[in-house]
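Novice: Predicted coordinates and the sequence they were generated for:
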Amino acid sequence: MTSINEPTIDEEGAEVLEAERVYILMKREYRISRNARAEWYLHRINAILTFPRRVDLSDEGDELDVVSVIPFKVTPEWDYDTSHLYRYRVTHRTRLHFLARKYRLVFCLDLSPSTWSVDAAGASVRLDQAFHTLARCLRGIVRPFYVPGSQLLFQPEIYITILGHTPCPRWPVQQVLVQGWLLAAHNLAQFLQAVHYKLTALEAQLAQATAQSYNQTDNNNTLTNGGGTVTVTGGGGTSIMTTSIGMEGDIPTTPLFVSPDIGFVDMLRYGIVALQLLPENSCAGIVVITDGVISLPDAKSFESLLVQLRNQTVACSFLQLGSVYHPQGSLGYVPFTDLMAFLASATFGAYLSVLPELDDGNYDNDMNDYHKSLLSWNFQTLSCITPYPCCSSPSPSPSPSSHSSLKSVLASAPNTMELMKKKEREHQLATSLSAVLSCRLREGYAIKEVELSDDQIQLVMVLPWKYSVFIEYHIRTPWPLAQPMVNVEVWVEATYEFLNDLTSEGHGQLRSQHRRAAVGRYWGALQHLRHTDMLLVGLQSFATSPSHYTVPECIRNGHPVFYHTPGRYHHQPPVLSDATSDQYPQFSSFWRPVCLLDTNVWQKWLHTHRVGVILAHDHPLPKNLHLTSASGRYGAIHCRQAELALTTLLAEWCDFSLVENYSYVKFLYGEDDVEGPEKTPVSFLVVRVTSKPPPCLVIRLAFLGGTPGHVRNQMVGQITAKIQGLTFPSRVTMTERSKSLPPPPPLPLQLPLTHQDKLDSDMTISASGDLRPPLPRPPLSRASSSAPCCVITHKPVEKILIWYNKTPNNPLNPLISDTPYGSSMYGGRGGGTSKPGNHNMALLARYLHHRRWVWGVQDPTSPPVTLQAVARVLNCLTRIRLQEGFNFAHSCNGIITMVREFNMKLELSEDEEEGMLGPCRVGGEGATGTTYPCVVQYIIFPPHLTNGSKDSLVEDEGDEEGDSVEADGEMQVVTECWVEPQNGVVVAPAPLAVTPPPQNPQGGHKLIPRLLIPPHPI
């Protein structure tokens, strides 16, 4: 009898080997969706697979190229050199491993108080192990390796960001050590040296801040009338609360360290922000190096964080510090291994309780454990349904062959934990198997089992919903795939206690509030699953009925399908008034759920892309831009002309307007079809304008699930080029605009204007859809026909945009004190003096480089300065920033935020540049060198009067001379600069000076505006 692992013979008489592992290389130019990966798997089950030999990485090829195959039964003649000569059969037991050409990884170093403890078994402090753990992991992933079963030496591009997270809410320190470093074997030593230098400085500052806090605590113990110290003991260490008596008898309380639950969520939020600032179209991952003394604030926060990680396809991995847990040496610091293993399993990450060793002596470019854990992605797992071990493995080092012990999803369950199954419901879905499979993969489900028979196929998918609670989703459909109809069963596998709570008559019988909340969340998850399936069926039925894509004549002529109710804004849930529901009920009922769909959950059903846009401002600028008018209001910056041009372009490019000035729909046809009234569309594209009010906008494009990647890339590049080419129809001449304006400052190393015009005319779109950005041209020197309406941003500016609602009461206070930690990040009420408009202000203040300048305008011995004169100074400063290429991004109550992206380049020698794997291609295919965009924000506050009334700042529009400053106050001019901590130096032309910070031998650089030297830098 032939074994199942034995080779078989196909119809042609050739030997066919059963494939155990298939390594697939994804295309570089654009992101390969989970839908495409699932379809590739379904179309090749029980099929014969062959592949050509590859010895180098080339950009030519399909979206998914098979690099190598490892069979179950290796014949004596089979070898890595001859593996491409064999034929392989993909079965239900075959495991797919996807490799990308580009990765972005964020390493979060946990510097919480629990890491300061001594590891008795390792005879060291856990904090000292953080850098060694990071270095060992980076040495492992940076090594080139041969893809198993082939002769392809694989060395992808790996962009690294290192965060040193310190849970100190009032400690003014930047937590980014390095951002955007293109890691390679030749620059690893330089990278580790820079990280070690900054990490040592960070630890020294942390020790100094802790010592000052304890000294302050001792001093407060001597106070009377309520002064003292509040000591709160948590899982991550002792939190010291220092109290002091204020001027009016109040006793403010300032925590030195936050609790482990808030600190852990904060650390992951930093990692998500850091990933968004790294190059797109790459596999994302967050690697947390921690001792495991972590927690979560509540289940709701954990679910929100988990959904965010899954929607953005972020794999969260953990490298545990210290030795194996033992009660004699813990001092109360017990690692939460269940939480780390569960989070890694739920996001397709890895949990390494013991770091694998690297064999430096006999290194043969084999795929090591770090490559398998952090660079290889798959959606199949064997034992995801089992709960996770309660403690780490006591083995000192796992063998390289036992990779399953490293993956948290392959952990084995203790024999004492028994799970039981319960069937919840069963129903049918009128859609294809690939659509259901891709939707479940986007939600975090993994393929557990595949059963294939002669007439049907059954897939069992599992979602880690909670520790020891798993939701199984059974899909059954006829095989081969013919009709779009699947049978679905929903099961739950959990412990007896949880199933007993579900079957109890009424939740009121449960005395525990936690158990009642868990049961309520479970039923809510099932209800949400049913709603997702119903919406999936509705969207996938687009091409089945002509009433869905037959546009009425009035809608085709420009009339929108829906309207926003007056008085509501786009960022609020829309309340839509339907003008066509009576005449075309099927058409309006199909598109109504589309316009009500939240963009944060688009990924479940649609392929999403974004295009960042900053609109050009209207001319002329308001006169009361920096001073209030007689009515007490500041002038706002409008972008009506640019917004009208943008909305007109979107309306003409798309087939009809779904919501006026907000959402549009464009039909997509087959490759052989031509657009016309008789052609049937196969899919559609939704365009929605979102984010903050103008000038900063985000255009989100959503394609129906199943749309090919090259079609999406082509459409995104097409609309980006059209937006980039928008110009104002008519502008005031340069002579009229430049009246009474100071001459523009010279731009260093600026190319001639003729060369700039050549760059504009030769602008092309690269294969990745990125536009080649032209060199900045001063707005006041542009011709009327070349004034652009929009500026395309490569980084998500809307995520890191800084804006205020009011000026800080005391500009000399540090920025950290103006951003209350609890209120801005977790919804509480803080006691900060300023009122930042951005709810992420506390996070961004510890992520971005920032500096505030305060100028004292009036000298007590000098004649008084009028407010009109101060406004002219601010107006001149605004014009200079516009000359340098900045654009208005936000304005509120006289506070103006201006933004510009600079191109950064690594300082490398010629040999090192030749060794780089390839440029980031921000500038397109024709770009030379490795450049990265860096976002710089410049904020101008209105004139600030200390110890005075705001009424004294009101300007009389009829008085040309303006009012003078009140004698009892000091007039101040306040500005801020926020810089993204991107690694590298600015590529010329650069109107901002680039100077290395003092006492930094690594040559890191910051952007500092070339302005007057202020007396009070903050």
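Specialist: It's in. Numbers count the residues shown, from 1 in each chain.

Novice: in the stretch 351-500 of the chain, which spans are helices?
Specialist: 369-374, 433-442, 496-503 (DSSP state H, counting those that start in this stretch).

Novice: Any chance you could list what contacts the second one?
Specialist: Meaning helix 433-442. The contact list for helix 433-442 (Cβ atoms under 8 Å, 6 or more residues apart in numbering) reads 33-35, 37-39, 42, 310-311, 379, 429, 457, 459, 461, 463, 473, 475, 477, 481, 484, 486, 488, 532-533, 536, 540, 603-605, 705-706. In short, each C-beta sits where N, CA and C put it, glycine included.

Novice: Is there a quick ChimeraX command that grabs whichever of the residues you listed are buried?
Specialist: Here is the ChimeraX command that picks out the buried ones among these, judged by 16 or more other Cβ atoms under 10 Å:
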select :33,34,35,37,38,39,42,310,311,379,429,457,459,461,463,473,475,477,484,486,488,532,533,536,540,603,604,605,705,706
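
Novice: Okay, and which of the contacts of helix 433-442 map to strands?
Specialist: If you go by DSSP state E, the contacts of helix 433-442 have 429, 457, 459, 461, 463, 473, 475, 477, 486, 488 in strands.

Novice: Tell me, how many residues neighbour the nearest residue to the second one once chain neighbours are set aside?
Specialist: Counting by Cβ to Cβ, 6 or more residues apart in numbering, residue 457 lies nearest to residue 479, which is 4.2 Å off, once chain neighbours are set aside. Here the count is done by other Cβ atoms under 10 Å, and residue 479 has 17 residues near it.

Novice: tell me the contacts of residue 479?
Specialist: 452, 453, 454, 455, 456, 457.

Novice: hmm, 7 Å instead?
Specialist: 452, 455, 456, 457 (Cβ atoms under 7 Å, 6 or more residues apart in numbering).

Novice: Most widely separated two among these?
Specialist: Farthest-apart pair in the contacts of residue 479 is 452 and 455; separation 10.1 Å (Cβ to Cβ).

Novice: quick one: which of those two has more around it?
Specialist: residue 452 (13 against 7).

Novice: what sits against residue 942?
Specialist: Applying Cβ under 7 Å, 6+ apart, the residues contacting residue 942 are 626, 627, 634, 807, 894, 895.

Novice: Out of those residues, who's the most crowded?
Specialist: residue 626 (27 neighbours).

Novice: my read: that one touches residue 895, true?
Specialist: No: contact criterion Cβ atoms under 7 Å: residue 626 and residue 895 do not qualify, at 9.8 Å.

Novice: how about the top helix by length along the chain: buried residues?
Specialist: Identified as the longest helix of the chain according to DSSP state H is helix 188-220. Buried residues in helix 188-220, defined by neighbour count with 16+ other Cβ under 10 Å: 188, 191, 194-195, 197-199, 202-203, 206, 209-210, 213, 216-217, 220.

Novice: Just the closest of those residues to residue 140, please.
Specialist: residue 188 (10.9 Å).

Novice: how far away is the residue nearest to residue 457 from residue 94?
Specialist: Separation of residue 479 from residue 94 (Cβ to Cβ, to the nearest Å) stands at 16 Å.

Novice: For the helices of the stretch 351-500 of the chain, give me CSV that also has distance to residue 694.
Specialist: Putting the helices of the stretch 351-500 of the chain into CSV (distance: least, Cβ to Cβ, whole Å) gives the following:
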stretch, distance to residue 694
helix 369-374, 41
helix 433-442, 31
helix 496-503, 49
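
Novice: For residue 890, which of these is the nearest?
Specialist: Of these, nearest to residue 890 by Cβ to Cβ is helix 433-442, at 32.5 Å.

Novice: quick one: low-confidence ranges for the stretch 801-950 of the chain?
Specialist: 815-839, 860, 906-930, 947-950 (pLDDT under 70).

Novice: just the helices in it please.
Specialist: Taking DSSP H, counting those that start in this stretch as the criterion, the stretch 801-950 of the chain carries its helices at 821-826, 841-845, 867-883, 910-915.
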